[in-house]
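Asks: Below are the sequence and a predicted model; questions follow.
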Amino acid sequence: MKKSVLLIILLTALLCSCSLAIKDKGEQDIYFFSCAANYYGTDYRLEGPINDQNFLYDQLRLLCMESGKNMNAVLVTQGTVDEEYKNSSDDISKTVYTSGSGESIELIEDTSFIDLFAQELEFFLTLPDSDDILIFQYSGHGYEDSGDLYLPGGDFTLKRLSQMLGMNDCFQFIILDSCFSGNATGYPSVLDRQSFSDSLKSLFSAGNLKTQKTFILTGSQMNESSFTVEVDEIPLGFLTYYLLDVLGFDFESISPALPQMSVITASTIIEYCKTQDYEEYQHPQNSYNFSDLILFKF
């Protein structure tokens with residue numbers, strides 16, 4: 001009996017200690033892959049995705065520079081915005097950035113958007129080392145029955161996305177600001193969480209290392225839409241607005257800025273984004289993790 005009680009105490013302590021463990025790999029590079037589509041010229045037009053992409057891209061570049069990290073980024077974009085941050089065309093473009101070489105932007109004319117997305121992501125995933133950090137962001141439509149990415153030119157399933165991301169065993173922070181995106185986390189309800197026994201199975205299951213290196217944040221539950229909010233008449237995804245807020249973005253000057261925190265972790269971002277006021281429109285979800293991941297230290 002005493003041995004059983006002791007085993008339970010040890011397992012509980014292990015779970016608690018794992019939940020507080022923060023993996024700091026020091027000189028990790030940041031790899032940022034972003035996909036944004038505003039569906040300009042269609043009945044499914046969205047106002048916020050390109051602003052989501054551009055603002056997060058600018059903010060991450062500042063955070064990388066101030067924390068001494070190298071950043072590599074690829075942005076695939078359908079549409080553009082005008083000086084008032086509104087939709088203005090249906091151009092397809094690719095932006096490439098590295099800390100050492102700067103930025104280049106290319107208009108794409110002979111490749112469909114969905115093919116561009118798949119080709120660029122497949123190549124990009126060959127670049128990070130296992131200790132590097134990949135931040136994947138999608139802003140656009142999601143399918144109601146599955147949460148799959150609804151790209152201009154076709155759908156891109158969450159299963160295929162997961163398989164592609166699984167090509168690399170680096171640390172990954174996946175951000176999906178799209179309708180029904182909760183399908184990616186496996187938690188249909190804001191009240192649904194793993195039981196203690198399920199947690200133990202997850203902790204000791206085969207391949208668990210990969211699970212603990214992947215963090216997912218979605219804009220909604222699997223049966224909910226994600227919405228746009230206007231900040232000084234600038235449309236942004238509701239989730240992305242709070243994501244930018246916790247990262248330090250200055251909405252008064254509409255420019256990147258340093259956060260108040262000296263350390264930013266994946267769990268800090270997730271908990272902040274999940275607990276803000278979405279006016280009952282949506283409920284962001286996250287994958288279950290026992291560990292945390294330091295993204296930036298200043």
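Replies: Looks like it came in fine.
Asks: Could you verify that residue 245 is part of a strand?
Replies: No: counting by DSSP: H, G, I helix; E, B strand; the rest coil, residue 245 falls outside a strand, being helix.
Asks: Can you name the residues that contact it?
Replies: Residues in contact with residue 245 (Cβ atoms under 8 Å, 6 or more residues apart in numbering) are 251, 272, 276. All C-beta atoms are positioned from the backbone trio N, CA, C, and that covers glycine.
Asks: next one: residue 228
Replies: 46, 47, 48, 235, 236, 237, 238.
Asks: ok, now with 7 Å
Replies: 47, 48, 235, 236, 237, 238 (Cβ atoms under 7 Å, 6 or more residues apart in numbering).
Asks: cool, and residue 178?
Replies: 138, 139, 140, 141, 142, 149, 219, 226.
Asks: The fourth one and residue 54, how far apart?
Replies: Here residue 141 is placed at a distance of 19 Å from residue 54 (Cβ to Cβ, to the nearest Å).
Asks: Neighbour count for these two, which is higher?
Replies: Counted by other Cβ atoms under 10 Å, residue 141 and residue 54 do not tie: residue 141 has more neighbours, with 23 against 17.
Asks: Just list whatever residues bridge to the more buried one.
Replies: residue 150 (DSSP bridges).
Asks: in the stretch 1-150 of the chain, what spans have low per-residue confidence?
Replies: The model of the stretch 1-150 of the chain has pLDDT under 70 over residues 1-26.
Asks: all helices of it, in order?
Replies: 2-20, 49-67, 113-124 (DSSP state H, counting those that start in this stretch).
Asks: Need the residues that contact the last one.
Replies: Helix 113-124 has contacts (Cβ under 7 Å, 6+ apart) with 31, 33, 35, 37, 74, 76, 78, 92, 94, 108, 151-154, 156, 164.
Asks: Could you tell me which of the residues you listed are located in strands?
Replies: 31, 33, 35, 37, 74, 76, 78, 92, 94, 151, 154, 156 (DSSP state E).
Asks: quick one: which of those residues is nearest residue 169?
Replies: Checking these against residue 169 with Cβ to Cβ, the nearest one is residue 31 at 13.1 Å.
Asks: how about the contacts of residue 228 in a markdown table, adding neighbour count and distance to residue 291?
Replies: Below are the contacts of residue 228 laid out as a markdown table (neighbours: other Cβ atoms under 10 Å; distance: Cβ to Cβ, whole Å):
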| residue | neighbour count | distance to residue 291 |
| --- | --- | --- |
| 47 | 18 | 36 |
| 48 | 28 | 31 |
| 235 | 21 | 35 |
| 236 | 26 | 30 |
| 237 | 29 | 27 |
| 238 | 23 | 27 |
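Asks: List the residues that contact residue 264.
Replies: Counting by Cβ under 7 Å, 6+ apart, residue 264 has contacts 247, 295, 296.
Asks: likewise residue 104?
Replies: residue 96.
Asks: Name the residues of stretch 250-265 that come out as buried.
Replies: 256, 258, 259, 264, 265 (16 or more other Cβ atoms under 10 Å).
Asks: let me fix that: stretch 215-235
Replies: 215-222, 224-229, 231, 234-235.
Asks: and what of stretch 70-77?
Replies: In stretch 70-77, counting by 16+ other Cβ under 10 Å, buried: 71, 72, 73, 74, 75, 76, 77.
Asks: unless I'm mixing things up, residue 69 is touching residue 60, no?
Replies: No: between residue 69 and residue 60 there is no contact under Cβ atoms under 7 Å: 9.5 Å.
Asks: Can you pick out the residue with more neighbours from those two?
Replies: residue 60 (23 against 20).
Asks: Of the contacts of residue 264, which is the nearest to residue 100?
Replies: Of the contacts of residue 264, the one sitting nearest to residue 100 (Cβ to Cβ) turns out to be residue 296, at 19.2 Å.
Asks: Can you say which helix or strand has that closest one in it?
Replies: Using DSSP states H and E, residue 296 sits in strand 292-297.
Asks: What of residue 160?
Replies: Using DSSP H and E, residue 160 falls in helix 158-165.
Asks: Check which residues of that helix are buried.
Replies: Those would be 158, 161, 164, 165, for helix 158-165 by 16+ other Cβ under 10 Å.
Asks: okay, the angle between it and helix 113-124?
Replies: 30 degrees (axes from the mean of the first three to the mean of the last three Cα atoms, to 10 degrees).
Asks: gap between helix 158-165 and the chain center?
Replies: Mean C-alpha position of helix 158-165 versus that of the full chain (Cα atoms, centre = their mean, to the nearest Å) differs by 14 Å.
Asks: which among the contacts of helix 113-124 end up buried?
Replies: Judged by 16+ other Cβ under 10 Å, buried ones among these: 31, 33, 35, 37, 74, 76, 78, 92, 94, 108, 151-152, 156, 164.
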